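[1] Predicted coordinates and the sequence they were generated for:
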Amino acid sequence: MNTTFDIKVIENDVVLRLIPILDMAIAEEFLSSLRECASMMKNLILDSQDVERLSTPCIQVMLAAASEMEQQGLTFSVRNISEGFQRGMCDLGLVEYLDNWSKS
């Protein structure tokens, strides 16, 4: 299983491809990857097509990153939403966030 995050810059966007399991064990590495992306001062797109499981610690990291990006006048969005990613957000009652992120 791939445990590293792939980061690509495409014009004014930075795309972070997520790994299949986003749980407590990977939360710190996820945070580091999001910080690296945020430091580029570009719109952030999470590609969640490979996500099988998404747990609370990684959701908390995403919520903080989204807030920080918005404060900087940048967008935070999620593309290619997998069933596992959607289920993780829905389980915590965060469908509204997911809806907003998928429209950006």
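    Sure thing, it's come through. Source: prediction; values computed, not measured.
[2] Give me the number of neighbouring residues for residue 85.
    If you count neighbours by other C-beta atoms under 10 Å, residue 85 ends up with 23. In this view, the C-beta of every residue, glycine as well, is placed from N, C-alpha and C.
[3] what does the model give it for pLDDT?
    With respect to pLDDT, residue 85 has a value of 97.
[4] CA atoms only: put the host helix or strand of residue 44 into PDB for me.
    Assigned by DSSP states H and E, residue 44 belongs to strand 43-47. C-alpha atoms of strand 43-47 as PDB (Å, rounded to 0.1, in the frame of the first residue of the first chain):
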ATOM      1  CA  ASN A  43      -5.600  26.700  -4.600                       C
ATOM      2  CA  LEU A  44      -5.600  23.200  -3.000                       C
ATOM      3  CA  ILE A  45      -7.400  20.200  -4.600                       C
ATOM      4  CA  LEU A  46      -7.600  16.900  -2.800                       C
ATOM      5  CA  ASP A  47      -8.000  13.900  -5.100                       C
END
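[5] which helices and strands sit right next to it?
    With contacts defined as 3 or more C-beta pairs under 8 Å, 6 or more residues apart in numbering; DSSP states H and E, the packing partners of strand 43-47 are strand 13-17, helix 27-38, helix 56-71, strand 76-79.
[6] ok, now with 7 Å
    Secondary-structure packing of strand 43-47 (3 or more C-beta pairs under 7 Å, 6 or more residues apart in numbering; DSSP states H and E): strand 13-17, strand 76-79.
[7] which of those strands is buried the deepest?
    Among the helices and strands packed on strand 43-47, strand 76-79 has the highest mean neighbour count (mean count of other C-beta atoms under 10 Å), at a mean of 20.
[8] same question for it, mean pLDDT?
    Summarised as a single mean, pLDDT over strand 76-79 is 97.
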